[in-house]
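Asker: give me the fold of what follows.
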Amino acid sequence: MKAPGDVLLIACYELGHQPLAVAWPAAFLERAGYEPAVMDIAVEPLDAERVRRARLVAISVPMHTALRLGVGVAQRVREINPSAHVCFYGLYATLNRDYLLGHGADSVLGGEVEHALVALAQSLETEAPRATAVAPILTRLDFPVPSRRALPALKKYAQLERDGRREVAGYVEASRGCLHLCRHCPIPPVYGGRFFAVPADVVVADVRQLVEAGATHVSFGDPDFLNGPTHARRVGQAVHAEFPALTFDFTAKIEHLVRHAALVPEFSALGCVFIVSAVESLSPAVLEHLAKGHTRADVETALRVTHAAGIALRPTWVPFTPWTTLADYREILEFVDAEGLVDHVDPVQYAIRLLVPPGSLLADSPAMRPHLGALVAESFSYRWTHPDPRVDALAERVGALVAESADAGEDAAVTFGRVRRLADEAAGLTPRELAAPGVERKRPPRLTEPWFC
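Answerer: Now for the predicted structure:
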């Protein structure tokens with residue numbers, strides 16, 4: 001018997017976005033006759049009463065931070081409702097399924113999970129399934145429009161910041177999975193180089209409900225919007241035709257921006273204001289070990305292409321890896337400065353340390369093996385140590401600095417200067433004087449939630 005609240009979907013953290021990883025399962029469940037309850041503990045407290053009513057509690061963990069929070073949520077669920085079936089789903093659920101099944105999870109799902117979640121809810125009406133984890137599900141789905149009506153309002157999430165003002169932003173996806181096999185990414189172990197396009201009419205309908213909720217900007221959160229360039233173009237055209245004033249951003253690999261450079265001006269005309277790209281490093285050795293598929297020259301080409309189109313490129317970095325030298329780290333900072341990218345990079349990016357979760361393609365990499373330590377199960381990652389202690393020491397100092405700077409709301413340019421002084425000191429060089437940033441400088445568009453993993 002289906003009853004309101006029989007199924008409770010919980011999001012833990014999705015980069016400051018209204019959680020699509022809850023909105024989509026909710027739509028599949030509603031289509032099957034359920035009335036799921038939803039929560040996003042990133043912006044609201046855990047509702048004990050909704051937990052008590054639930055027969056199935058499904059916790060979305062698409063990223064590392066969400067998983068760390070989700071394990072704590074599962075413990076609270078067990079205290080409040082010991083009889084509830086607890087299911088973890090998402091990329092990091094699959095990677096950490098052994099740990100989760102031993103620490104509070106009754107089931108673990110990964111990949112295209114929505115039909116499996118519906119089937120799980122249906123099975124719980126008549127039986128109590130045993131603890132189980134299935135292989136990643138890679139079956140094409142018949143997508144409904146995501147159900148967002150029970151989620152917290154968009155104003156509670158990250159906003160677009162541009163020209164000195166803030167605007168309400170939404171988050172959609174035109175595809176899931178990825179064609180590529182970057183070794184440090186959590187997607188390849190789950191999707192194995194496959195991606196699934198969401199029908200353009202479904203994407204437009206989702207954008208429509210976000211606009212009706214107040215959004216003037218949307219982020220296409222696909223792992224890579226240009227995995228299917230024809231599909232991306234079709235979606236962009238359809239959205240712009242209905243909402244010509246709407247702006248958007250998307251994520252794409254450097255190699256795609258180079259290969260599909262002819263499309264970039266069109267995306268600008270359709271409303272794209274910035275593109276996020278995982279540059280990660282400029283070191284040939286690091287890029288090879290991560291299987292990124294681009295070079296420093298490609299990054300420079302992508303910058304020229306996006307700049308010519310009037311689109312801001314916002315690179316993300318993994319500056320601390322076992323192969324990163326102090327010279328490599330300083331090269332990233334010099335590049336950011338020389339290319340005028342200081343305001344294009346959230347300072348947390350200068351502190352990112354390579355994460356190697358269970359199941360990562362890096363765990364079996366010959367290049368990684370000499371540096372890899374034990375799996376720290378409760379941290380959901382392998383320990384690794386840099387061969388140069390100065391690099392690990394710099395990583396700790398930069399991490400503390402950017403955390404302190406973020407808490408203080410410090411100007412990104414000031415933080416950049418302080419990070420560069422730390423890098424100079426680590427290399428035994430005389431630290432440069434901090435230059436006062438221009439207060440009235442024009443800054444590129446950005447979302448107000450810094451990028452974390």
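Asker: any chance you could map the helices in the stretch 351-453 of the chain?
Answerer: 389-408, 412-426 (DSSP state H, counting those that start in this stretch).
Asker: what packs against the shortest one?
Answerer: Judged by 3 or more Cβ pairs under 8 Å, 6 or more residues apart in numbering; DSSP states H and E, the packing partners of helix 412-426 are helix 326-338, helix 389-408. (C-beta placed from N, C-alpha, C; glycine too.)
Asker: helices and strands around the shortest one, which ones?
Answerer: Helices and strands touching helix 326-338, by 3+ Cβ pairs under 8 Å, 6+ apart, are helix 389-408, helix 412-426.
Asker: ditto for the longest one
Answerer: Using 3+ Cβ pairs under 8 Å, 6+ apart as the contact test, the elements touching helix 389-408 are helix 326-338, helix 412-426.
Asker: who touches that helix?
Answerer: For helix 389-408, the external contacting residues (Cβ atoms under 8 Å, 6 or more residues apart in numbering) are 320, 324-326, 329, 347-348, 350-351, 353, 385-386, 414-415, 418-419, 422-423, 426, 450.
Asker: nearest to Ala23, of the helices of the stretch 351-453 of the chain?
Answerer: Closest to Ala23 of the helices of the stretch 351-453 of the chain is helix 389-408 (Cβ to Cβ; 28.1 Å).
Asker: the closest one vs helix 412-426, what angle?
Answerer: 160 degrees (axes from the mean of the first three to the mean of the last three Cα atoms, to 10 degrees).
Asker: gap between helix 389-408 and the chain center?
Answerer: Chain-centre distance of helix 389-408: 22 Å, with Cα atoms, centre = their mean, to the nearest Å.
Asker: now that helix: buried residues?
Answerer: 391-392, 394-395, 397-399, 401-402, 405 (16 or more other Cβ atoms under 10 Å).
Asker: ok, back up a step: could the helices of the stretch 351-453 of the chain go into a markdown table alongside mean pLDDT?
Answerer: Formatted as a markdown table, those follow (pLDDT from 0 to 100):
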| stretch | mean pLDDT |
| --- | --- |
| helix 389-408 | 97 |
| helix 412-426 | 96 |
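Asker: so which of those helices is nearest Pro188?
Answerer: Proximity to Pro188, assessed across the helices of the stretch 351-453 of the chain by Cβ to Cβ, is greatest for helix 389-408 (24.9 Å).
Asker: closest to Val57 out of the helices and strands packed on helix 412-426?
Answerer: Nearest of those to Val57, taken as Cβ to Cβ: helix 389-408 at 31.7 Å.
Asker: that older thread, okay, the helices of the stretch 351-453 of the chain in CSV with distance to Pro188 next?
Answerer: Formatted as CSV, the helices of the stretch 351-453 of the chain follow (distance: least, Cβ to Cβ, whole Å):
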stretch, distance to Pro188
helix 389-408, 25
helix 412-426, 30
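Asker: quick check on the contacts of helix 389-408: which are buried?
Answerer: By 16+ other Cβ under 10 Å, these give 320, 324-326, 329, 347-348, 350-351, 353, 386, 414-415, 418-419, 422-423, 426, 450 as buried.
Asker: hmm, who's touching stretch 194-202?
Answerer: 112, 138, 140-141, 143-145, 173-179, 223-224, 227-228, 231, 234-235, 238.
Asker: give the buried subset of these as a ChimeraX selection command.
Answerer: The following ChimeraX line selects those of these that are buried, judged by 16+ other Cβ under 10 Å:
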select :112,143,144,145,173,174,175,176,177,178,179,223,224,227,228,231,235,238
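Asker: show me the contacts of stretch 194-202 that map onto helices.
Answerer: Members of these lying in helices (criterion: DSSP state H): 231, 234-235, 238.
Asker: so which elements touch the worst-scoring helix or strand of the chain on mean pLDDT?
Answerer: Least confident helix or strand of the chain, by mean pLDDT, DSSP states H and E, is strand 132-133 with a mean of 76. With contacts defined as 3+ Cβ pairs under 8 Å, 6+ apart, the packing partners of strand 132-133 are helix 97-101, strand 107-109.
Asker: for Val207, find the nearest of the ones you listed.
Answerer: For Val207, the closest of the helices and strands packed on strand 132-133 is strand 107-109, at 27.1 Å, according to Cβ to Cβ.
Asker: give the other helices and strands that that closest one contacts.
Answerer: Where contact means 3+ Cβ pairs under 8 Å, 6+ apart, strand 107-109 is packed against strand 85-89, helix 91-95, helix 97-101, helix 114-123, strand 132-133.
Asker: list the buried residues for stretch 299-313?
Answerer: In stretch 299-313, counting by 16+ other Cβ under 10 Å, buried: 299, 301-303, 305-306, 309, 311-313.
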